[in-house]
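# Quick one: sequence plus predicted model below, questions after.
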Amino acid sequence: MAAALQEKTTPVAPRGATDPPPLMAAIDIVQDYDQPDGKPLRVLNKVTLHFNRPRINMLLGPSGCGKSTLLRMLGGVRPWNVKTPTSGRVEIDGVLCEGPHPDVVMVFQQYANRPDLTVRENVYYPFTFSEWRSRVTAKEADERVIRILDEVGLADKQKLHPAQLSGGQNQRVALARALVLRPRVLLMDEPFGALDAQTRTAMQGLLVRLHTTHPCLVAFVTHDVTEALLLGDRVIVLSTQPATIIDDIELSAPQPRSQEWLMTADMRAMHERIVSRLRAADGGGNIRVSV
Amino acid sequence: MSDFWNPYRTLAASQQRTLGVISVVGVIATWAAIAATGWLSKNQLPSPLAVTEAMAYLGWYDGKSQLALATVWSVGRVAAASLLVMIIGIPLGVVMGASPRMNAIFSPLVDPFRSAPVAALLPIMVMWFGIGEFMKIAFLFVGSIVYLTPLVRDAIRSVPEDYTVSAKDLGATQWECVSRVLVPLAMPRIMDAVIVGVSVSWTYITVAEYVNAQEGLGQLIANARRMSAMDQVFAGIIVIIAVALLTYQGLMWLKRRLYKWEVA
């Protein structure tokens, strides 16, 4: 089985001296967590991934498989008290990345919107930190904020606070705050996981639209097979504990993709293939196979 | 009545007020009834009427108001002490909450005094600072800051980690995580700590003003007790409670106004 899958994964071809390094690369990532009984729990086992082009990459796996942990490492988004990764490294433009990177921004599932700030202030938020203040003038920051709020459809909600918004609107704020920095890499950690089905569909459409106007490398974590097929230019399937890559699929269908497209024989076969791979790899966690 | 023990029920404001008034009137009625039986002497339990008369006497007699003057003095002392407590205690609590090293340094100087008998420190204060104004404010300061600082520390620590993790991702430095993330998000809890600190100052005001009693509500009570004027003692206590309650309500109102986002 493993041998059969090997050919599907992106070949890690040796690079010539003149080849540019990949935009983002995870190399031999291993992550262990200490358990209460003292034994380390391995959640990621030798994961190697290269990302080259500014397109939408889906990281699909059962819940609790360590895909969020992997995503956070890619952006240098580290919890305070855990050393990540245990071994292996993340490179951006071929340079080792160990902490927050100015070209990489993350959107969290729980939005991380500041309850004490208005919508506008939440999007302006990064420009209040010295790093971005030195990089972007106040005038330009203002212009960027106005434009992005318009693009995500929150221009009329600027003065409201997060508690006055719906889940979908809150996620729009989070998306705007990330894109206002014009990142080259956008990391999304199950961003639409907490939303109801209709809102999720609307947000998926918004993401695809925004991606055409703000082309960047998107790494998107999900446990929803349908979402992975609907959004992904590439779908990377991860097994569970310890997570390894069990499938790596290129999808060339143009965006935006419709529900009808998902129902074509090819896509249903693809759906089946992913689900059976996940089953074969055994998962303690859950995958979402519904629409 | 079927939901009498439903703790999540919100009472109508009018019902809440009615029940509160009934409770207070009940206590006063019981008090008046016991005083009327004559079991206790006038100096053990003055009647509500006697206390009202005492309050009127203290409130206005011979062209001056002892009560108003005393209240102004006491409020001034509590305000001065509270201001000092805030200026020193809030930054101290913030750095203790934001850095375990700072906490390790300052915690032994603050935490044990929460359970220390602060009133017993009075003689030491008198030896160090004399019997004047400085001693009184220093005493209130010590009594109050040992409560406020740990509460501010806890307020900082209770800010969810998500906010600082996200801020770091957006480029915040460690100090910006403290000053621009932890502090603003902890402000409503810090305000709660200030309210506790001010309330504690009010409970210690009588002790502080007991020494070298020249003016203030504590002095008023101490002198009345010395003259066995129990009605005046009662009047003084009631005024302290009323002023402390008013301060509390005022600060709560301010908190709700400043931090609307928290209730929203």
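Yes, it's here.
# got a pLDDT number for residue 264?
I'll assume chain A. pLDDT recorded at A:Thr264 is 88.
# should've been chain B
On the pLDDT scale, B:Ala264 gets 49.
# Name the residues of chain B found near chain A, please.
B:161-173, B:176, B:180, B:184-185, B:187, B:259, B:261-262, B:264 (CB under 8 Å from any CB of the partner chain). Heads up, the C-betas are built off the backbone N, CA and C, glycines and all.
# redo that, cut-off 10 Å
By CB under 10 Å from any CB of the partner chain, the residues of chain B that approach chain A are B:160-173, B:175-177, B:180-181, B:184-185, B:187-188, B:259-264.
# so what's the nearest residue to A:Glu98 once chain neighbours are set aside up against?
Of all residues not flanking A:Glu98 in the chain, A:Gly76 sits nearest, at 6.4 Å (CB to CB, 6 or more residues apart in numbering or on different chains). Contacts for A:Gly76 were tallied using CB atoms under 10 Å, 6 or more residues apart in numbering or on different chains; they are A:84, A:90, A:92, A:97-101, A:104, A:106, A:187, B:168-169.
# Ok, B:Tyr163 next?
Per CB under 10 Å, 6+ apart, neighbours of B:Tyr163: A:Ala112, A:Asn113, A:Arg114, A:Pro115, B:Ala172, B:Cys177, B:Val181, B:Leu182, B:Pro184, B:Leu185.
# nearest to B:Ser144, of those residues?
B:Leu182 (22.9 Å; CB to CB).
# was I right about that closest one contacting B:Arg153?
No. B:Leu182 is beyond contact range of B:Arg153, at 11.0 Å (criterion: CB atoms under 10 Å).
# which residues of chain A fall in helices?
A:2-6, A:67-74, A:119-124, A:130-135, A:138-151, A:167-179, A:197-213, A:225-231, A:259-262, A:265-280 (DSSP state H).
# Pull the CA coordinates from stretch A:159-168 and hand them back as CSV.
The C-alpha trace of stretch A:159-168 is given here as CSV (Å, rounded to 0.1, in the frame of the first residue of the first chain):
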residue,chain,number,x,y,z
LYS,A,159,-18.1,50.7,13.6
LEU,A,160,-19.6,47.5,15.1
HIS,A,161,-17.9,45.3,17.6
PRO,A,162,-17.3,41.5,17.1
ALA,A,163,-20.0,40.6,19.5
GLN,A,164,-22.5,42.4,17.3
LEU,A,165,-21.5,40.3,14.3
SER,A,166,-22.5,36.8,13.1
GLY,A,167,-20.0,34.0,12.9
GLY,A,168,-19.6,34.4,9.1
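# Among B:Leu182 and B:Arg153, which residue is more densely surrounded?
B:Arg153 (26 against 22; other CB atoms under 10 Å in any protein chain shown).
# Hmm, B:Val94 and that one touching each other?
Yes. Between B:Arg153 and B:Val94 there is a contact under CB under 10 Å: 7.8 Å.
# Please enumerate the shared neighbours of those two.
Between them, B:Arg153 and B:Val94 share the contacting residues B:Met102, B:Ala186, judged by CB under 10 Å, 6+ apart.
# number of nearby residues for whichever residue of the stretch 1-150 of chain B sits closest to chain A?
Here the residue of the stretch 1-150 of chain B nearest chain A is B:Pro100; by CB to the nearest CB that distance is 10.8 Å. For B:Pro100, the tally of surrounding residues (other CB under 10 Å) stands at 11.
# who are the neighbours in contact with it?
B:Ser107, B:Arg157.
# The host helix or strand of B:Ile241: which residues count as buried?
Secondary structure from DSSP states H and E places B:Ile241 in helix B:230-258. By 16 or more other CB atoms under 10 Å in any protein chain shown, the buried positions in helix B:230-258 come out as B:230-236, B:239-240, B:243-244, B:247, B:251, B:255.
# same question, stretch A:100-114
Buried residues in stretch A:100-114 (16+ other CB under 10 Å): A:100-101, A:103-114.
# Run the chain-centre distance for that stretch.
10 Å (CA atoms, centre = their mean, to the nearest Å).
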